[in-house]
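Trainee: Need a 3D model of the following:
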Amino acid sequence: MCRPTYYAIAYEINPWMRLRRPASPRRALRQWEALYRFLTARLKIQVRLLAPARGLPDLTFTANAGLITDRTLIRSNFRYPQRQREEPTIERAFRRWGFRIAHLPAAFRFEGEGDALWLGDTLVLGFRFRSDAPAHESLARLLKREVLPVELKDDRFYHLDTCFCPLPGFAALWYPGAFDRYGRRVIEQVATETIPVSRTDALKFCCNAIVAGREIVLHRGISSSLRRRLERRGLAVHELDLSEFLKAGGSAKCLALRLPSRYTAPRA
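Mentor: Okay, here's the model as predicted:
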């Protein structure tokens, strides 16, 4: 995770970002700290902190830094120049932490866990708005795993993690309206169970959730029917206010990149 010291709506690179609708730095920091405390104190999750950097307002969305496998970071190739400036900072930090760095071909855009999520041993890759479909072949070679590309069709759900969330038991929470017909078919075939959400819940970024075992952490305000469905699956649902980050098109999952289970985070 990365404290949102310099977080701001400094440009417009997705439909959620509006310069005339700025984020409150004070509220954003308070919301981020509540999420951090919940993960570390309540759920006992170890969290490594990436140092914030002036001029990189979206660095706080660490899910987009890359995809980690074992001790290797497959670093993102960001689509927009505003976020490409994050790449050297990310690479330096992970090298200091002892990770190897792998790169996809420069011709391919790829935005890490924002668009690449594991469902069991299969990697689902969302493409169109931020990542490129041909990146799936390079990822498959690097990972030696099956990588399934699915096309996103609604630019409000510009990253896969805004509309798709793997759950325990190879199930998935998802918003079908964000995918084209072939993408919907792929997800329905690879997941043991799909839990569709309404557009109203999807626009609250309910799929942009952190899942840790049987705990799921997401932005507050989901429908009571969705909460009941998740609880019936044995999940403990935790809703936190992350409204300042929704202004940039992000929520809980965007704010956290998963490290290997064998990785021990030094004290921050």
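
Trainee: Tell me where this structure has helices.
Mentor: For the chain, the helices defined by DSSP state H occupy 25-37, 81-84, 86-96, 135-143, 181-190, 199-202, 224-232, 243-246.

Trainee: which of these is buried the deepest?
Mentor: helix 243-246 (a mean of 21; mean count of other Cβ atoms under 10 Å). (C-beta placed from N, C-alpha, C; glycine too.)

Trainee: about what we covered before: which one, of the helices of the chain, ends up nearest to Y175?
Mentor: Of all the helices of the chain, it is helix 199-202 that lies closest to Y175, at 3.7 Å by Cβ to Cβ.

Trainee: and the helices of the chain as CSV, adding mean pLDDT and distance to A171?
Mentor: Shown next, in CSV, are the helices of the chain (pLDDT from 0 to 100; distance: least, Cβ to Cβ, whole Å):
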stretch, mean pLDDT, distance to A171
helix 25-37, 98, 24
helix 81-84, 98, 31
helix 86-96, 98, 31
helix 135-143, 97, 22
helix 181-190, 97, 11
helix 199-202, 98, 16
helix 224-232, 97, 10
helix 243-246, 98, 25
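
Trainee: closest to A256 out of those?
Mentor: Of those, nearest to A256 by Cβ to Cβ is helix 25-37, at 8.2 Å.

Trainee: Mind giving me the packing neighbours of the closest one?
Mentor: Contact here means 3 or more Cβ pairs under 8 Å, 6 or more residues apart in numbering; DSSP states H and E; on that basis helix 25-37 packs against strand 236-240, helix 243-246.

Trainee: cutoff 6 Å now
Mentor: Where contact means 3 or more Cβ pairs under 6 Å, 6 or more residues apart in numbering; DSSP states H and E, helix 25-37 is packed against helix 243-246.

Trainee: Report the backbone C-alpha coordinates of the helix it packs on in CSV.
Mentor: Extracted in CSV, the C-alpha atoms of helix 243-246 (Å, rounded to 0.1, in the frame of the first residue of the first chain):
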residue,chain,number,x,y,z
SER,A,243,-15.6,7.8,-1.4
GLU,A,244,-12.6,10.0,-2.0
PHE,A,245,-10.9,7.3,-4.0
LEU,A,246,-14.0,6.6,-6.1
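
Trainee: Begin at 3 from now on, thanks
Mentor: Got it, first residue is 3 now, which makes that one helix 245-248.

Trainee: chain center to that helix, what's the gap?
Mentor: Per Cα atoms, centre = their mean, to the nearest Å, the displacement of helix 245-248 from the mean C-alpha position of its chain is 14 Å.

Trainee: Redo the helices of the chain as CSV? Include distance to R20.
Mentor: Listed next are the helices of the chain as CSV, based on distance: least, Cβ to Cβ, whole Å:
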stretch, distance to R20
helix 27-39, 15
helix 83-86, 15
helix 88-98, 21
helix 137-145, 29
helix 183-192, 28
helix 201-204, 19
helix 226-234, 27
helix 245-248, 12
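
Trainee: Can you check which of the ones you listed gets nearest to I70?
Mentor: That would be helix 88-98 among the helices of the chain, by Cβ to Cβ, at 8.6 Å.

Trainee: what's that closest one packed up against?
Mentor: Helix 88-98 packs on no helix or strand, going by 3+ Cβ pairs under 6 Å, 6+ apart.

Trainee: ok, and what's touching that helix?
Mentor: Residues from elsewhere that reach helix 88-98 (Cβ atoms under 6 Å, 6 or more residues apart in numbering): L52, A55, L58, L61, A67, L75, R77, I103.

Trainee: Now do the phi/psi pair for the nearest residue to L52 once chain neighbours are set aside.
Mentor: The shortest distance from L52 to any non-neighbouring residue, by Cβ to Cβ, 6 or more residues apart in numbering, is to C4 (4.1 Å). Main-chain dihedrals, C4, degrees, to the nearest 10: phi -140, psi 120.

Trainee: what pLDDT does C4 get?
Mentor: For C4, the model assigns a pLDDT of 98.

Trainee: closest one to D123 among the helices of the chain?
Mentor: helix 137-145 (9.5 Å).
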